[in-house]
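Visitor: What would the 3D arrangement of this be:
(2 chains)
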Number of protein chains: 2
Amino acid sequence: MDDKFHHVALIGLGLIGSSLSLAMRRAGIADRITGHARSARTRAKALEMGLVDTVFDNPADAVRGADLIILCVPIGVYGTIAREIAPHLKPGAIVTDVGSVKAAVIRDTAPHIPTGVHFIPAHPIAGSERSGPEAGFTELFDGRWCILTPIPGTDETALGKVRKFWQNCGMSVDIMTPEHHDLVLAITSHLPHLIAYNIVGTAADLETVTESEVIKFSAGGFRDSTRLAASDPTMWRDVFLNNKEAVLEMLARFSEDLTALQRAIRWGEGETLFNLFARTRKIRRNIIDAGQDTEAPDFGRPHADTGKEGPARG
Amino acid sequence: MDDKFHHVALIGLGLIGSSLSLAMRRAGIADRITGHARSARTRAKALEMGLVDTVFDNPADAVRGADLIILCVPIGVYGTIAREIAPHLKPGAIVTDVGSVKAAVIRDTAPHIPTGVHFIPAHPIAGSERSGPEAGFTELFDGRWCILTPIPGTDETALGKVRKFWQNCGMSVDIMTPEHHDLVLAITSHLPHLIAYNIVGTAADLETVTESEVIKFSAGGFRDSTRLAASDPTMWRDVFLNNKEAVLEMLARFSEDLTALQRAIRWGEGETLFNLFARTRKIRRNIIDAGQDTEAPDFGRPHADTGKEGPARG
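Guide: Residues are numbered from 1 along each chain as shown, chains lettered A, B, ... in the order given. Just a heads-up that it's a prediction; the model follows:
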């Protein structure tokens, strides 16, 4: 099978779109890359950085003649984009995406895709708290998992090409139903983001502890939550609006468990606390063994360079 | 003022005790270091690593003749230890500690400290998810804050010596009341740990998503929570049992805010979500500007070395 695409169109040139361009260039799998971004600044930056050969303010122009089209915009605008690009998609072209929710993406996108064009929904599970074209880097996808959620009747050859594409970008590929994907991601990604956003909001709103104290003494653990809570607000608003049922289900379980923990603290049930705390430790070990996090303590945060990292001693 | 101590006793030789030994050696502020650990393995390891000059299975023997005694054990055993060492403390000696809760530590420890010995409670806000003497490293305290919570009538000279000691270990020093410390730490450290433990427990107990899926797809955010949830179970059980009121107060606020967020998701209130998510992003920026976290995306986790970090591509 030929791994290459003559022409790839990136709809959206933020963290994921720009990293995809860099990963495709490294793999040498795209002869030509066109791009679309709504903001003039992003378009200029992407062109200047060589992320795209040509850039368009209109998504329809970006997809004209493309063999592979990748939607890398917040999922809330997929429906609009799909409607705009539909008439300009080349017969035989493949449309894939990077959205963090799959059932809603299929609901909004699939109806617009013309017969003869293949829509293969995908979710590369990789990212960082940064946004914009400058945030991208070549290795973002390396060693991470990409989940494909094909819809009934998907063309096997097109599916194989998309699978190979994400592998060429550095990822391992798994296949599951959109519904199961949305449940898995609700617990592994959406709920962690929600509670991170929530605790940072709670901490900022206290009257008894000032925001500057929260910041100053954040190394006790709070700072870990702030990374996820620094993620792109538009993207995450759209995730929660579009994976409502699964997120609410996971949230209900989380709250139920937290109430039990609260009760154990109130009644001084040390054994209940200890048993949970001993059990969770093993899960991190398994994540490290599975190659999904670094083994270095403290995520490998730099510690030695005190001049750059720390406040003045005093 | 002479910065040096002739003889320092470390009661407890885990992550903090071992790091303190290394930091003291670097600063050249301890002529002699004795240590106590309950476990024979830890004692042998600490001696082998040169963390202590002499090691004792009995805390009373370790403190005999010491000028500075540092309690580095879980706070649940402070009372017992204080009672055991009290008769053997040298007049004029200083006792300090590293406990994450201060009011309870003072309640359990101060009554045992003899007249003529100075007890200066301290909390160096630094750590990692690792435990044991091998987990320690010289730079652990560099650029971080140490909070002192002196009790009424504290000797100013002794307070000054303890302040200087933590500064020599690489820390900045702040002073506040034990009660305020416990409130500040409840939000900046204790609650973040509690919700991290809780979400990891919730994720492990699902029927619809397997534990192996949770591990495999953890790079979407879940893995961030697992670091705090891998912290020492005994230490954290004792923290929650001993800072009950402040933790329950912060937890109540967190749960209230989370319920509001849940409602916003259920009713599709995108603006409420967006406004919170945009606000929390700034707090991370402030933490980085304050030198309390790394600026590198993804905590600076390694990304380039795919051979070591990732699963096989396929």
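Visitor: Please count neighbours and contacts with C-alpha atoms only from this point.
Guide: OK.
Visitor: So which residues of chain A form strands?
Guide: Using DSSP state E, the strands of chain A run over A:5-11, A:30-36, A:54-56, A:68-71, A:94-97, A:118-120, A:122-124, A:145-148, A:172-175.
Visitor: Flag the shaky bits of the stretch 1-150 of chain A, pLDDT-wise.
Guide: A:1 (pLDDT under 70).
Visitor: Tell me which residue in it sits closest to chain B.
Guide: Chain B sits closest to A:Gly143 of the stretch 1-150 of chain A, with a gap of 3.8 Å, by C-alpha to the nearest C-alpha.
Visitor: Residue ranges of each domain in chain A, please.
Guide: What automatic domain parsing lists as the domains of chain A is A:5-176, A:180-309.
Visitor: will you turn those domains into TSV that also has mean neighbour count?
Guide: TSV is the format used below for those (neighbours: other C-alpha atoms under 10 Å in any protein chain shown):
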stretch	mean neighbour count
domain A:5-176	20
domain A:180-309	20
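Visitor: Turn these into JSON lines, columns for distance to B:Thr259.
Guide: JSON lines is the format used below for the domains of chain A (distance: least, C-alpha to C-alpha, whole Å):
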{"stretch": "domain A:5-176", "distance to B:Thr259": "22"}
{"stretch": "domain A:180-309", "distance to B:Thr259": "9"}
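Visitor: so which of those comes closest to B:Asp67?
Guide: Across the domains of chain A, the minimum distance to B:Asp67, taken as C-alpha to C-alpha, is reached by domain A:180-309, at 28.7 Å.
Visitor: what's the spacing between that closest one and its chain's center?
Guide: 17 Å (C-alpha atoms, centre = their mean, to the nearest Å).
Visitor: what does stretch A:31-38 give?
Guide: For stretch A:31-38, the distance to the chain centre is 20 Å (C-alpha atoms, centre = their mean).
Visitor: Alpha carbons only: can I get it in CSV?
Guide: The C-alpha coordinates for stretch A:31-38 follow below in CSV (Å, rounded to 0.1, in the frame of the first residue of the first chain):
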residue,chain,number,x,y,z
ASP,A,31,3.8,16.0,-1.0
ARG,A,32,1.7,19.1,-0.5
ILE,A,33,0.0,20.5,2.7
THR,A,34,-2.7,23.1,2.5
GLY,A,35,-4.2,24.7,5.5
HIS,A,36,-7.1,26.7,6.8
ALA,A,37,-7.3,28.8,10.0
ARG,A,38,-9.9,31.4,10.9
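Visitor: Show me what that stretch is in contact with.
Guide: Applying C-alpha atoms under 8 Å, 6 or more residues apart in numbering or on different chains, the external contacts of stretch A:31-38 come out as A:4-13, A:21, A:43, A:51-59, A:62-63.
Visitor: and the stretch 1-150 of chain A, which residues reach chain B?
Guide: Those residues of the stretch 1-150 of chain A that sit near chain B, judged by C-alpha under 8 Å from any C-alpha of the partner chain, are A:125-130, A:139-140, A:142-145.
Visitor: let's go with 10 Å and repeat that
Guide: A:100, A:124-130, A:135, A:137-147 (C-alpha under 10 Å from any C-alpha of the partner chain).
Visitor: Quickly note the distance from A:Met206 to chain B.
Guide: I think there's a mix-up here, since residue A:206 is Leu and not Met. 9 Å (C-alpha to the nearest C-alpha, to the nearest Å).
Visitor: That residue against B:Arg253, yeah?
Guide: Yes. With contacts counted by C-alpha atoms under 10 Å, A:Leu206 reaches B:Arg253, the gap being 8.8 Å.
Visitor: Next, show the common contact partners of those two.
Guide: Overlap of the contact sets of A:Leu206 and B:Arg253 (by C-alpha atoms under 10 Å, 6 or more residues apart in numbering or on different chains) is empty.
Visitor: Give me the helices and strands touching the longest helix along chain A, please.
Guide: In chain A, assigned by DSSP state H, the helix with the most residues is helix A:244-266. Counting by 3 or more C-alpha pairs under 10 Å, 6 or more residues apart in numbering or on different chains; DSSP states H and E, the packing neighbours recorded for helix A:244-266 are helix A:178-185, helix A:191-204, helix A:233-242, helix A:270-289, helix B:191-204, helix B:233-242, helix B:244-266.
Visitor: Turn the ones you listed into JSON lines, including mean pLDDT and distance to B:Val117.
Guide: As requested, the helices and strands packed on helix A:244-266 are exported to JSON lines (pLDDT from 0 to 100; distance: least, C-alpha to C-alpha, whole Å):
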{"stretch": "helix A:178-185", "mean pLDDT": "98", "distance to B:Val117": "56"}
{"stretch": "helix A:191-204", "mean pLDDT": "97", "distance to B:Val117": "38"}
{"stretch": "helix A:233-242", "mean pLDDT": "97", "distance to B:Val117": "54"}
{"stretch": "helix A:270-289", "mean pLDDT": "96", "distance to B:Val117": "32"}
{"stretch": "helix B:191-204", "mean pLDDT": "97", "distance to B:Val117": "34"}
{"stretch": "helix B:233-242", "mean pLDDT": "97", "distance to B:Val117": "25"}
{"stretch": "helix B:244-266", "mean pLDDT": "98", "distance to B:Val117": "29"}
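Visitor: got those as TSV, with distance to B:Gly35 columns?
Guide: Shown next, in TSV, are the helices and strands packed on helix A:244-266 (distance: least, C-alpha to C-alpha, whole Å):
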stretch	distance to B:Gly35
helix A:178-185	47
helix A:191-204	38
helix A:233-242	50
helix A:270-289	26
helix B:191-204	29
helix B:233-242	19
helix B:244-266	31
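Visitor: nearest to A:Pro152, of these?
Guide: Of all those, helix A:178-185 comes closest under C-alpha to C-alpha, at 11.0 Å.
Visitor: on that earlier part again, check whether the residue of the stretch 1-150 of chain A closest to chain B really touches A:Gly170, as I assumed.
Guide: Yes. Here A:Gly143 lies in contact with A:Gly170, judged by C-alpha under 10 Å, at a distance of 6.2 Å.
Visitor: still on that earlier bit, and of the helices and strands packed on helix A:244-266, who's closest to A:Glu211?
Guide: Across these, closest to A:Glu211 is helix A:191-204 (C-alpha to C-alpha), at 5.6 Å.
Visitor: Is chain B within reach of the closest one?
Guide: Yes. Helix A:191-204 lies within reach of chain B by C-alpha under 10 Å from any C-alpha, at A:191-204.
Visitor: next one: stretch A:217-236
Guide: Yes. Using C-alpha under 10 Å from any C-alpha, stretch A:217-236 reaches chain B at A:217-236.
Visitor: I'd like the distance from stretch A:69-89 to the chain centre, please.
Guide: Put simply, stretch A:69-89 sits 17 Å off its chain's centre (C-alpha atoms, centre = their mean).
Visitor: I'd assumed A:Arg227 was in contact with A:His193.
Guide: Yes. In terms of C-alpha under 10 Å, A:His193 counts as a neighbour of A:Arg227; the distance is 9.2 Å.
Visitor: so what sits against both of these two?
Guide: Common neighbours of A:His193 and A:Arg227, using C-alpha under 10 Å, 6+ apart, are B:221, B:224.
Visitor: Among the residues of stretch A:217-236 next to chain B, which are located in helices?
Guide: Cross-referencing those against helices under DSSP H gives A:222-228, A:233-236.
Visitor: Thanks a lot, catch you later.
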